[in-house]
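Peer 1: Generate a structure from the sequence data that follows.
(one chain, ligands or ions: 2)
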Amino acid sequence: MSFSRRECVWAFRPPCGHGEGPEERRSRDPKSSVRAPPKKAGGGGKFTLGRPGDEGAAGDERAYDERRTDPEDGEAYTFDELMDYYRGQYKKKALEEYWENECAPLRKKKTKGKPAAKVEVGASPAIPEPTPKSKAKFKTQAKKLSAEDLETDGPLAREIAPVIPFFPFKQIERFYDIQGLLKHPKLLNAACALMAKRFRKLGATKVAAFEARGFLFTLVAIKMGVPFVMLRKSGKMPNTISSAPYTKEYAGVDSICIQKDIVAPGDKVVLLDDLVATGGTMCAGVELMKACEAEVVECACMVELRALKGRERLMKAGAKAVWAMMTEELLTTAAALPEGYVDDGEAH
Ligand SMILES: O=P(O)(O)OC[C@H]1O[C@H](OP(=O)(O)OP(=O)(O)O)[C@H](O)[C@@H]1O
Ligand SMILES: Nc1ncnc2[nH]cnc12
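Peer 2: Numbers count the residues shown, from 1 in each chain. Ligands and ions are numbered 1, 2, ... in the order given. Sure thing, here's the model as predicted:
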């Protein structure tokens, strides 16, 4: 893998907002214990989480009635409710960090001094209180993910595998069709929750995924509350650097690109794709991360075709760790081919 001189000389800029800590984001109202929304430079918008570079900035003040969204299940909780649930599993300090860094604050409803019950027509709807039912759902979802699930071919992987059928396609006997999983939103959500949990433990600051099927996992980054980075086939995005060309399991040569400055030196990146076959695609990702001076904390995929030795190729290319949710051994569902089925796959 190599880069042309022109591609390599672009300058690395430090993340914007560098040096602006949580202090700048706090309300100037001395009575307020809630952090004020950021005012400008990428902040202050309806849905903004702050300026680039200060995502997850920790604060030291906490309003007891404040609710935040737990990325694990997307529901809102107070800190005490989270503490109750995780009691015995995590230390208070770890939970405080989770609360500050991972759980997104909800916007407070503006009542302009009127009683809460008399919300005017057109005002934003009240933030719903979590019901006992939603709390129960939260607990079941979180409990479903065991340490075993985080390992290759774990219980959740075994539940997912049967919905990913294989077709004879692109001149190969077993082309695994991820569309099967997309038909099952709950399984897709659970798969993303599993990955989010795993990558959070690795301390990942960004998830970089490969066009096109890697993009099906944006939800992982959303759950983690970290930026999602697109690694696209070359020529499809402005302001990029490209990898050297590589071949894949089926015919065709590709190269991928990344936008300059989207990954900063020192970022801890998970490279994510639906499938690793020969490892050519993932290796190109490793090379791009090297060019960005980022650390690849894991090369991750949903399916690994071990027979094609992508893992070995990746380790040679300098990858620290390769993880797959499942191996090909679990993928035994042959697609029911309709009459007249033809392999109309193209190299791309
Ligand atoms: O390990 P490798 O041999 O490199 O093969 C794996 C890659 O091949 C597939 O993508 P493809 O490039 O076909 O693109 P697509 O997702 O757009 O179909 C797959 O989604 C991986 O990205
Ligand atoms: N066997 C396979 N099935 C699905 N996607 C692939 N990409 C590379 N090899 C593949």
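Peer 1: quick one, helices of the protein?
Peer 2: Secondary structure of the chain (DSSP state H): helices at 5-8, 79-86, 92-101, 132-144, 155-160, 179-182, 185-201, 218-224, 280-291, 310-316.
Peer 1: rank these by mean pLDDT and give me the bottom one.
Peer 2: Lowest mean pLDDT within those: helix 5-8, a mean of 34.
Peer 1: that older thread, I'd like the helices of the chain as CSV, with mean neighbour count appended.
Peer 2: For glycine as for every other residue, the C-beta is placed from the backbone atoms N, C-alpha and C. As requested, the helices of the chain are exported to CSV (neighbours: other C-beta atoms under 10 Å):
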stretch, mean neighbour count
helix 5-8, 10
helix 79-86, 16
helix 92-101, 15
helix 132-144, 13
helix 155-160, 18
helix 179-182, 16
helix 185-201, 19
helix 218-224, 21
helix 280-291, 24
helix 310-316, 18
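Peer 1: closest to residue 72 out of the ones you listed?
Peer 2: Residue 72 sits nearest to helix 132-144 of all the helices of the chain, at 5.6 Å, using C-beta to C-beta.
Peer 1: hang on, residue 232 packs against residue 256?
Peer 2: Yes - look at residue 232 against residue 256 with C-beta atoms under 8 Å: they come within range, at 6.4 Å.
Peer 1: what do the two both touch?
Peer 2: Contact criterion C-beta atoms under 8 Å, 6 or more residues apart in numbering; residues shared by residue 232 and residue 256: residue 211.
Peer 1: Name the residue in the two with the higher neighbour count.
Peer 2: Comparing residue 232 with residue 256 by other C-beta atoms under 10 Å, the one with more neighbours is residue 256, at 24 against 18.
Peer 1: How confident was the prediction at that one?
Peer 2: So residue 256 comes in at 98 (pLDDT).
Peer 1: Same question for residue 45.
Peer 2: At residue 45, the pLDDT value in this model is 48.
Peer 1: so where is the protein shaky, pLDDT-wise?
Peer 2: Residues of the chain that meet the criterion pLDDT under 70 lie in 1-64, 73, 84-89, 108-144, 347-348.
Peer 1: would you list every one of the strands in it?
Peer 2: 67-70, 75-78, 104-105, 166-169, 172-176, 206-210, 228-233, 240-242, 246-247, 253-254, 256-259, 268-276, 295-304, 322-327 (DSSP state E).
Peer 1: Flag every residue of the stretch 201-348 of the chain that's near ligand 1.
Peer 2: Contact residues, the stretch 201-348 of the chain versus ligand 1 (C-beta under 6 Å from any ligand atom): 210-213, 248-249, 254, 273-282, 310.
Peer 1: which of these count as buried?
Peer 2: Buried members of those, counted by 16 or more other C-beta atoms under 10 Å: 210-211, 213, 248-249, 254, 273-282, 310.
Peer 1: how about the residues of the stretch 151-300 of the chain near ligand 2?
Peer 2: 172, 174-176, 248-249, 275, 277.
Peer 1: Just the closest of these to residue 344, please.
Peer 2: Closest approach to residue 344 among these (C-beta to C-beta): residue 175, at 11.8 Å.
Peer 1: Excluding chain neighbours, what is closest to that closest one?
Peer 2: In this structure, residue 175 finds its nearest non-sequential neighbour in residue 169, 3.6 Å apart by C-beta to C-beta, 6 or more residues apart in numbering.
Peer 1: who does that neighbour bridge with?
Peer 2: Residue 169 forms beta bridges with residue 172, as assigned by DSSP bridges.
Peer 1: looking at it, it is touching residue 176, isn't it?
Peer 2: No - between residue 169 and residue 176 there is no contact under C-beta under 8 Å: 9.4 Å.
Peer 1: And these two? Which one has more around it.
Peer 2: Using other C-beta under 10 Å as the criterion, residue 169 and residue 176 rank with residue 176 on top: 24 against 18.
Peer 1: returning to what we had before: dump the strands of the chain to JSON lines, plus distance to residue 333.
Peer 2: As requested, these are arranged in JSON lines below (distance: least, C-beta to C-beta, whole Å):
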{"stretch": "strand 67-70", "distance to residue 333": "34"}
{"stretch": "strand 75-78", "distance to residue 333": "33"}
{"stretch": "strand 104-105", "distance to residue 333": "37"}
{"stretch": "strand 166-169", "distance to residue 333": "7"}
{"stretch": "strand 172-176", "distance to residue 333": "9"}
{"stretch": "strand 206-210", "distance to residue 333": "24"}
{"stretch": "strand 228-233", "distance to residue 333": "29"}
{"stretch": "strand 240-242", "distance to residue 333": "36"}
{"stretch": "strand 246-247", "distance to residue 333": "28"}
{"stretch": "strand 253-254", "distance to residue 333": "27"}
{"stretch": "strand 256-259", "distance to residue 333": "30"}
{"stretch": "strand 268-276", "distance to residue 333": "15"}
{"stretch": "strand 295-304", "distance to residue 333": "12"}
{"stretch": "strand 322-327", "distance to residue 333": "12"}
